[in-house]
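> Generate coordinates for the sequence data below:
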Amino acid sequence: MTLAETLDHLKQKASARHHEGMARFGIDSSKALGVKMPDVRALGKTIKKDHQLAIQLWDSEVHEARILASLIADPAQVTPQLIDKWVHQFTTWDICDQACGNLFDRTPFALEKSLEYCESEQEFVKRAGFVLMAEYAVHHKKATDDVFLKMLPIIEREAWDDRNFVKKAINWALRQIGKRNTLLRRAAIQCAERILAQDTKAAKWIAKDALKELERK
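Model (predicted):
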């Protein structure tokens, strides 16, 4: 499938009503067509892996095309430079989450980039760092506990950040780490309790919301 054919297919699935509703979820729709995620995913399953098309889709700057790019790109062909390029072009939380969860956390560079991005001052770059943590915790079943225990001090250190898309990603990472097993649940709860003691608005929200879930188990 060519770039033009793929974009035409997306345009055929576009809905003005869905486009209008994107703003309710905090999504910048200025470059969006208004295609629902199930339709984007269905197209991705049809195309399967096509790394060159993925590059072209990303460079088109169309919102749904970038999400589709994350679905059809080949993790084996992804370089650190490509990750950096895409991450620094994130403009919405959903593209950030889709690229991290569909593609980047399946590369050998996921942990390295996660730690790097967590120190960024840019909102969506920093979010990507913590989304990578969360997605790694979900997808990498064989990863050792040490991998995630090393993440907790970073989560604790950055819990002051009250930017909405950052604090939600920090909270997400903390919860997903804690849900892996009993040892990590205890460690995540202890981390949340230390975060709560920081006594900032962001830290309180991150910790209380995480504890509600982790202490239920």
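
> low-confidence ranges in this structure?
Within the chain, the stretches with pLDDT under 70 are 217.

> which helix in this structure runs the most residues?
As assigned by DSSP state H, the longest helix anywhere in the chain is helix 123-139.

> quick one: buried residues of it?
If you call a residue buried by 16 or more other C-beta atoms under 10 Å, then helix 123-139 has these buried ones: 123-137. For glycine as for every other residue, the C-beta is placed from the backbone atoms N, C-alpha and C.

> How far off centre is that helix?
On the basis of C-alpha atoms, centre = their mean, to the nearest Å, helix 123-139 sits 5 Å off its chain's mean C-alpha point.

> need the next SSE after that helix, C-terminal direction.
As assigned by DSSP states H and E, the chain's next helix or strand after helix 123-139 is helix 145-149.

> Could you check how far stretch 31-41 is from the centre of its chain?
For stretch 31-41 - counting by C-alpha atoms, centre = their mean - the centre lies 17 Å from the chain centre.

> same check, this time on stretch 58-70
Chain-centre distance of stretch 58-70: 15 Å, with C-alpha atoms, centre = their mean.

> same deal with stretch 166-183?
When C-alpha coordinates are averaged (C-alpha atoms, centre = their mean), stretch 166-183 and its chain have centres 13 Å apart.

> Not counting it itself, show me its contacts.
With C-beta atoms under 8 Å, 6 or more residues apart in numbering as the test, stretch 166-183 has contacts from 123, 126-127, 129-131, 133-135, 137-138, 145, 148, 151-152, 155, 158-159, 161, 184-185, 187-189, 191-192, 195, 202, 205-206, 209-210, 213-214, 217.

> redo that, cut-off 6 Å
Contacts with stretch 166-183, where a contact means C-beta atoms under 6 Å, 6 or more residues apart in numbering, come from 123, 126-127, 130-131, 133-134, 137-138, 145, 148, 155, 159, 161, 184-185, 188, 202, 206, 209-210, 213-214.

> for stretch 47-67, same thing?
Against stretch 47-67 from outside (C-beta under 6 Å, 6+ apart): 1, 3, 10, 31-33, 35, 40, 68-69, 72-74, 77, 95, 98.

> Report the buried members of the residues you listed.
The buried subset of these - by 16+ other C-beta under 10 Å - is L10, A32, L33, V35, V40, L68, A69, I72, A73, I95, Q98.

> Thanks a lot, catch you later.
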